[in-house]
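quick check, what structure comes out for this input:
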Amino acid sequence: MGNRKNKKKNKQKELERLKSIERNRRIEESIKKESEKYEQEVKLLLLDLFKTAIQMNLVLHTKILVMGMEKLDLEFETENESLANDFLEVEETICKFGSDELKETIKTLWKDPGLKKAFENRSILQVPDTHSYYLDQIDRITKRKYVPTDQDILYCRIPTTGVKVVDFFVNDVPWKIVDVGGQRSERRKWIHQFDDVTMIIYVVAMSEYDQDLYEDETVNRMRESLELFKSTANNEYFEKTACSILFNKFDIFGQKIKNGISLSKCFDDFEEKFDVEVAKEFITNKFTSCATNEHRKVYNYYSCGIDTENIKAVFTFFFAMPSQEFLVKYSKSVIVKNVRCMQVFKFDRFRELLDKRGIKEEIDLIERAEDLVCLCKI
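Now for the predicted structure:
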């Protein structure tokens, strides 16, 4: 009788256990589906954001080129003059590519020799180098169901405003990247906030040596970048912080030098040479010489922001560097501790013992240890 009751009770417990397992499985499955749905929503939201930004920039920067033609004393071919005037009435913040009219207008204007000439002078007009990429891809990026590719997103310019924080893991080590805006209006928001960062990654757009600031057209961008690096690298908040300079847009920089756009537009003391390597070393020295902290090494890297493999290689070095800095500091601390222990060691007594046993190698080692203690003077 008792056995039957126990069996029934055990069977009921087992049934409850199985039901509990099934409930947990369903809950976990539901959470997983919701998580996947959320991740997909975020991805779609981000892609839609880039789609809007890309299409708005396409219209905005083409309008800047059209308006800049007067500044450059350039003219459209007669039949495109009225088309350009109508295009300037388009509001880029609400532009829609539902019909082909706007797309065909931009394509026609882009074929005009006058607009091509204006693009050659884009540095004067503050038009990004990447604008020609979008103009050449206009049929694809104005489609109704257009989804930005990785390459489209890499070419897209969305300025950093405020302070952006990204947390992630590399080889189970937590990382936090703090992205800050370099524009004058943004600097006051971050310069005093980071007195405990592990490493500064200062990004220099090498191709901007012949361009002026958006905020002040009397100031050269690279000159401004140089001054900002100088004040950042020598700031008391970053005195013990590792420092790396990422010289970006090296590919565009090389093209400009080869096309005869002189570095003397930025630096009067640059000797007129259209050699990419010479110009590269000149800029590198200008920046590294600004870091006056003799106890800190400045690491230099060169990159092309739209080349994902190149960026991966560069960031592999970045992720390894703080670990190396930590190991160096750790090794120094171990040496210091060991030397401190050696200071209280009775060398004379130990040498007598080794002499009696005739062990010469260990005696030499002891003498070297004594020298180390004297040199360290801890």
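
residue ranges with poor pLDDT in the stretch 251-378 of the chain?
Scanning the stretch 251-378 of the chain with the threshold set as pLDDT under 70 gives 295, 305, 318-378.

try it again at 90.
251-252, 255, 259-262, 264-265, 268-275, 290-378 (pLDDT under 90).

show me the helices in it, by range?
With DSSP state H, counting those that start in this stretch as the criterion, the stretch 251-378 of the chain has helices at 276-288, 308-343, 347-357, 360-376.

repeat for the stretch 101-250 of the chain
101-111, 113-120, 122-125, 131-136, 138-141, 150-155, 184-187, 221-233, 250-258.

residues making contact with the second one?
Spelled out, it's helix 113-120. With contact meaning C-beta atoms under 8 Å, 6 or more residues apart in numbering, helix 113-120 is reached by 65-66, 68-69, 72, 74-77, 80, 109-110, 125, 127, 131-132. Where you see a C-beta, it was placed from the backbone N, CA and C, and this is true even at glycine.

repeat that with 6 Å
L65, G68, M69, L72, L74, E75, F76, L109 (C-beta atoms under 6 Å, 6 or more residues apart in numbering).

burial count for the first one?
Spelled out, it's L65. By other C-beta atoms under 10 Å, the residues close to L65 number 26.

what's the answer for the fourth one, then?
When neighbours are counted by other C-beta under 10 Å, L72 registers 15.

dump the residue contacts of it.
Contacts for L72 (C-beta under 6 Å, 6+ apart) come out as A118, N121.

repeat that for the first one.
With contact taken as C-beta under 6 Å, 6+ apart, L65 is in contact with L115, A118, V127.

how close does the second one sit to D251?
A118 sits 23 Å away from D251, taking C-beta to C-beta, to the nearest Å as the criterion.

now render the helices of the stretch 101-250 of the chain as a markdown table, adding mean neighbour count and distance to E294.
What follows is the helices of the stretch 101-250 of the chain, written out as a markdown table (neighbours: other C-beta atoms under 10 Å; distance: least, C-beta to C-beta, whole Å):
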| stretch | mean neighbour count | distance to E294 |
| --- | --- | --- |
| helix 101-111 | 16 | 52 |
| helix 113-120 | 17 | 44 |
| helix 122-125 | 17 | 36 |
| helix 131-136 | 18 | 43 |
| helix 138-141 | 15 | 50 |
| helix 150-155 | 16 | 38 |
| helix 184-187 | 14 | 26 |
| helix 221-233 | 18 | 12 |
| helix 250-258 | 19 | 28 |
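
who wins for proximity to D172 among the ones you listed?
Among those, the nearest to D172 by C-beta to C-beta is helix 150-155 (26.5 Å).

now that closest one: average pLDDT?
The average of the pLDDT scores along helix 150-155 is 83.

can I get the CA coordinates of that helix in CSV?
What follows is helix 150-155, C-alpha atoms only, in CSV (Å, rounded to 0.1, in the frame of the first residue of the first chain):
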residue,chain,number,x,y,z
ASP,A,150,28.3,48.0,-46.1
GLN,A,151,30.2,50.0,-48.6
ASP,A,152,27.5,52.6,-48.8
ILE,A,153,27.5,53.0,-45.0
LEU,A,154,31.3,53.3,-44.9
TYR,A,155,31.1,56.2,-47.4
